[in-house]
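Colleague: How does the following fold in three dimensions:
(6 chains)
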There are 6 protein chains.
Amino acid sequence: MAQKWRKTFEEERSRLNEIVTSGGHLGIKRFFALDEQAYHAGALSSKTKELLGLVASLVLRCDDCISYHLIKCKDEGVTDEEFYEAFNIALVAGGSIVVPHLRRAAERLELL
Amino acid sequence: MAQKWRKTFEEERSRLNEIVTSGGHLGIKRFFALDEQAYHAGALSSKTKELLGLVASLVLRCDDCISYHLIKCKDEGVTDEEFYEAFNIALVAGGSIVVPHLRRAAERLELL
Amino acid sequence: MAQKWRKTFEEERSRLNEIVTSGGHLGIKRFFALDEQAYHAGALSSKTKELLGLVASLVLRCDDCISYHLIKCKDEGVTDEEFYEAFNIALVAGGSIVVPHLRRAAERLELL
Amino acid sequence: MAQKWRKTFEEERSRLNEIVTSGGHLGIKRFFALDEQAYHAGALSSKTKELLGLVASLVLRCDDCISYHLIKCKDEGVTDEEFYEAFNIALVAGGSIVVPHLRRAAERLELL
Amino acid sequence: MAQKWRKTFEEERSRLNEIVTSGGHLGIKRFFALDEQAYHAGALSSKTKELLGLVASLVLRCDDCISYHLIKCKDEGVTDEEFYEAFNIALVAGGSIVVPHLRRAAERLELL
Amino acid sequence: MAQKWRKTFEEERSRLNEIVTSGGHLGIKRFFALDEQAYHAGALSSKTKELLGLVASLVLRCDDCISYHLIKCKDEGVTDEEFYEAFNIALVAGGSIVVPHLRRAAERLELL
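Modeller: Down below sits the predicted model:
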């Protein structure tokens, strides 16, 4: 079931991204490139950067963004204990309004 | 159908809360406790506090949070007229961007 | 399929709006009237105003509001090139957190 | 000093409101009227409604709106204990990002 | 006084932008370029695009962004009547929480 | 001047925190404790956690919160290159609406 959730999520994301880029707007394509590059390893590791992306997504309350960074963090080797410490920071910073997103994130984390 | 919606909502909420708390993070557990205690009767009644939680949830546009406080408000005896006056404050404060959440809240209110 | 999506969206919106207005709150009815009048042609054309509503909905990340203004913009004759220039402004102003909404908007635009 | 802060705040607010309404836009004037009427006593008391406005302003993090509803709440007889219970709900719902606004609200409350 | 406000705002903005770009991060420089290009005339006119930027800034409640787009809109020939129609859309979409920003925008508009 | 900015910021923060805690609300005191503990070293280092707090503060656009985490990050040894990579993630995730906060953060960083 884990692999199924991830596969469905990633395929749907790719399918919709192709619709957006088929619109042919150069600025949007460049934005997508900047977005991807922001998480490449530099002075900060990719792992740290993906955690930054995860917490930003949690406090801004965007489920799709949370799913994306959960997967990336998992691939970077983030442990469950590290995930929950990041979840806690997002929860304290963003408040109980973050809780429904945190619940869904915790469920998806179990599927990864 | 009313009881079905409420039951489904509360069971799913409990199921996911258990996943979160099974993560074992003490800070998160304490946050959940603070969140619950914030709505206990004190100088302000539980009814007033649940209305505060409802309006906060509406202007922050969180459907799950709105559902939760709708149920709590109903249990505290909030009348339809009182609900709509609170809805109106959330609508004027938060703007038309609140409307889709207000629509769903109004429908769920009929189910309670 | 295009007509089906639009029809389903508009019927559901009408059904829920009727529930809200059946609540009988005068302030809410007046707010709904103000909301509609805000997009009537004046010094700015309806087309420009619907584009303003679309970008506001995108940066505030409300899928229902985006769908509504997408339809209205299409009816006002907004071209695909114009839509993507508006999408780009919303993306740059609101950041990658807008992307999931932009993806769904681009898909719905293809259905119109 | 208390009266001075309140007087300065209210005079500046009136001065700027006059600039906005001198713009002559009927929709804006009507919105201002709806905003004021939303807090009139009805099924819910003005005191409860002003508390709803205060918590909405806190979680949406708008200092001017917080100041306005602090004054209104004070005039409605909200006690310090009640203020702090409302502050706590806003803090838990909105998270630590609310804290700087809460600090300024607590200071202004001492001046009232 | 008008020219003084605009000059002070633009000089401070330039001074701080130089500090940011002196940080030497390529991604940030590219983002700044994308941000500027988003408002260049294309299928939509610069005037329409600046109005989109103004409304986005109002509903996201960012005073500096509002000031920037107010100036740009004025340079593109936006009339007072057009400004107020855009203000009204932002107000209805974003709610009374936008009002303090609208007040300051209306005052700055008089200075331009 | 650097030391002066930091000293002024920290003294004002302490002064206002004392006003809040003098309100005597137990829930608020506990929230403040949870907030502080969230950044203690655990599975993730304090440095990583402060960076998470900084990016959360940037995308939520809270200047006081940004200042606080800038100082904490600096004390944890975050380098300028690391700061700018974190700034870039916040900028891409949160959009140009973050820029005014980024400008002020970059200026304050020079003062530290």
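Colleague: Show me what counts as buried in the longest helix that chain A contains.
Modeller: Selection of the longest helix in chain A by residue count, based on DSSP state H, yields helix A:2-22. By 16 or more other C-beta atoms under 10 Å in any protein chain shown, the buried positions in helix A:2-22 come out as A:5-6, A:9, A:13, A:16, A:19-20. Backbone N, C-alpha and C define where each C-beta goes, glycine included.
Colleague: Now do the same for A:Ala43: helix, strand or coil?
Modeller: With DSSP: H, G, I helix; E, B strand; the rest coil as the basis, A:Ala43 sits in coil.
Colleague: That one reaches F:Val78, doesn't it?
Modeller: No. Between A:Ala43 and F:Val78 there is no contact under C-beta atoms under 8 Å: 9.3 Å.
Colleague: picking up where we left off before, quick one: is the longest helix of chain A near chain C?
Modeller: Yes. Contact of helix A:2-22 with chain C (C-beta under 8 Å from any C-beta of the partner chain) involves A:13, A:16-17, A:19-20.
Colleague: B:Glu82: which of the residues you listed is nearest?
Modeller: For the residues of helix A:2-22 next to chain C, the closest approach to B:Glu82 (C-beta to C-beta) belongs to A:Leu16, at 41.8 Å.
Colleague: which residues does the closest one contact?
Modeller: Counting by C-beta atoms under 8 Å, 6 or more residues apart in numbering or on different chains, A:Leu16 makes contact with C:103-104, C:106-107.
Colleague: Quick one: name whatever helix or strand follows the helix-or-strand element of chain A with minimal mean pLDDT.
Modeller: Using mean pLDDT, DSSP states H and E, the weakest-scoring helix or strand in chain A turns out to be helix A:2-22, at a mean of 93. Note on helix A:2-22: by DSSP states H and E, the next helix or strand toward the C-terminus is helix A:26-37.
Colleague: Which other helices and strands does the helix or strand just after that next one contact?
Modeller: Where DSSP H and E defines the elements, the next helix or strand beyond helix A:26-37 is helix A:46-59. Counting contacts by 3 or more C-beta pairs under 8 Å, 6 or more residues apart in numbering or on different chains; DSSP states H and E, helix A:46-59 is packed against helix A:63-75, helix A:80-94, helix A:99-111, helix F:46-59, helix F:80-94.
Colleague: tell me the mean pLDDT for helix A:46-59?
Modeller: For helix A:46-59, the mean per-residue pLDDT is 98.
Colleague: That helix versus helix F:80-94: what angle between them?
Modeller: Orientation check (axes from the mean of the first three to the mean of the last three C-alpha atoms, to 10 degrees): helix A:46-59 against helix F:80-94 gives 40 degrees.
Colleague: With just CA atoms, put helix A:46-59 into PDB.
Modeller: Output in PDB follows, covering the C-alpha atoms of helix A:46-59 (Å, rounded to 0.1, in the frame of the first residue of the first chain):
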ATOM      1  CA  SER A  46      19.800  18.300   0.900                       C
ATOM      2  CA  LYS A  47      18.500  16.600   4.000                       C
ATOM      3  CA  THR A  48      18.400  19.900   5.900                       C
ATOM      4  CA  LYS A  49      16.900  21.700   2.900                       C
ATOM      5  CA  GLU A  50      14.200  19.200   2.500                       C
ATOM      6  CA  LEU A  51      13.400  19.500   6.200                       C
ATOM      7  CA  LEU A  52      13.100  23.300   5.700                       C
ATOM      8  CA  GLY A  53      10.800  22.600   2.800                       C
ATOM      9  CA  LEU A  54       8.700  20.200   5.000                       C
ATOM     10  CA  VAL A  55       8.300  22.700   7.800                       C
ATOM     11  CA  ALA A  56       7.500  25.600   5.400                       C
ATOM     12  CA  SER A  57       4.800  23.400   3.800                       C
ATOM     13  CA  LEU A  58       3.400  22.400   7.200                       C
ATOM     14  CA  VAL A  59       3.100  26.000   8.600                       C
END
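Colleague: from the chain's centre, how far out does that helix sit?
Modeller: Its chain's average C-alpha position is 7 Å from that of helix A:46-59, according to C-alpha atoms, centre = their mean, to the nearest Å.
Colleague: ok, now stretch A:61-77?
Modeller: 3 Å.
Colleague: cool, stretch A:38-57 as well?
Modeller: Stretch A:38-57 sits 10 Å away from the centroid of its parent chain (C-alpha atoms, centre = their mean).
Colleague: Mind listing residues that contact it?
Modeller: Outside stretch A:38-57, the residues touching it (C-beta under 8 Å, 6+ apart) are A:65-66, A:68-70, A:72-73, A:76-78, A:82, A:86, A:89-90, A:93, C:97, E:27, F:44, F:48, F:51-52, F:55-56, F:59, F:79, F:81-82, F:85-86, F:88-90, F:92-94.
Colleague: hang on, the earlier thing: which of A:Ala43 and F:Val78 has more neighbours?
Modeller: Each of A:Ala43 and F:Val78 has its neighbours counted (other C-beta atoms under 10 Å in any protein chain shown); F:Val78 has more, 23 against 14.
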